[in-house]
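# the amino acid sequence is not available; the structure is as follows:
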Ligand SMILES: Cc1ncc(COP(=O)(O)O)c(C=O)c1O
């Protein structure tokens, strides 16, 4: 078979263990998943109502233009409908951008550690990957700008960055974009945008007006609590969004997902409550870290990366045995740490108690 050479050594995406699996393996009654930055409060009641009422024929293809959700989102963001592009999760838009722009002979610049799908898709397309190490959890924007050359097609920015939670400020972003040639696409992945509370954060809607080579990615998977429906979207200058559209699969957003996302969007009070609860949850973790002398990055997202300076896989397994699934920093490229999704107050207390027991037991050894 004539596979692309570069995919022969690529591993498929490894989803973490499900709560059902962990319950079975460890014989636990209750398991809390704090590994994928999902919303511990679920989704808006409005979504549940709209899904209950859904009675259209399942034999009909979805609306390929995503007409209603597109209109609602364009109104919400004060954008023209043509500036939007939808994906089966923002994952799919990352794939579309890579498919549209990357190929052998081109290169792409990205931070590391960051969201692994930028790299994965670039490798599939055979492009050269230029990974620039984070500095103190933040993008090294100067080094990233210097890594761009005449063969660079795409630059990826992740703000707040997964897995460190550090955001890019308005001043930093503009300083960087001013150095990027206008024929190079800059992808600004804002999967955790709705959680951000920092005053020095940029306004992405102003950014795309001023920089026609920027596309912003957001998702309904995180604060909207709709990860199972797979709806992500991008917005950019109209010409850019339209040029990307032919790469999109027809009917890529299923009918139920379109309705769920529109219902979720209509309930901004749910989003405000979740943002507030997340902020309080982060404060719980910060206090825990201070009490235990652990380093952490202050986060603008719904997760926190804590440096236990230990074998992160051992801590990961220990927490799992206590009923808490987190992400091991070893798997994220930052050994010694774990990344924990901020849960409800009780879930946070529970995982912190388990972390305390781990610390007490490792000191004893
Ligand atoms: C930074 C970032 N971008 C994109 C995604 C993909 O989100 P989705 O495909 O669910 O929209 C994630 C999910 O974890 C993420 O952390």
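Right, received. Where do you want to start? Just so it is clear, the model here is predicted, and its values are computed rather than measured. Numbers count the residues shown, from 1 in each chain.

# residue of this protein closest to the ligand, please.
Taking C-beta to the nearest ligand atom, the ligand has its nearest neighbour within the chain at residue 89, 2.6 Å off. For glycine as for every other residue, the C-beta is placed from the backbone atoms N, C-alpha and C.

# that residue: neighbour count?
Residue 89 sits with 22 neighbouring residues when counted by other C-beta atoms under 10 Å.

# which residue is the nearest non-sequential neighbour of it?
Nearest residue to residue 89, sequence neighbours excluded (C-beta to C-beta, 6 or more residues apart in numbering): residue 230, at 4.3 Å.

# the one you found against residue 257, yeah?
Yes. Assessed by C-beta atoms under 8 Å, residue 230 is found in contact with residue 257 at 6.2 Å.

# ok, then the element right after the longest helix seen in the chain?
Ranked by number of residues, the top helix in the chain under DSSP state H is helix 268-291. Later in the chain than helix 268-291, the nearest helix or strand by DSSP states H and E is strand 295-296.

# quick one: name the residues of the stretch 151-300 of the chain near the ligand.
Neighbours of the ligand within the stretch 151-300 of the chain, by C-beta under 6 Å from any ligand atom: 158, 162, 189, 191, 219, 221, 227, 232.

# apply 5 Å and report the result again.
With C-beta under 5 Å from any ligand atom as the criterion, the stretch 151-300 of the chain meets the ligand at residues 158, 162, 189, 191, 219, 221, 232.

# list the contacts for the closest residue to the fourth one other than its chain neighbours?
Going back to what we said before, that points to residue 191. Leaving aside its sequence neighbours, residue 191 sits nearest to residue 219 (C-beta to C-beta, 6+ apart; 5.0 Å). Contact partners of residue 219, counting by C-beta atoms under 8 Å, 6 or more residues apart in numbering, are 89, 90, 191, 231, 232, 233.

# got a list of what the residue nearest the centre of the chain touches?
Centroid-nearest residue in the chain: residue 191, 4.1 Å away (criterion: C-alpha atoms, centre = their mean). Residue 191 makes contacts with 90, 115, 158, 162, 217, 218, 219, 221, 222, 232, as judged by C-beta under 8 Å, 6+ apart.
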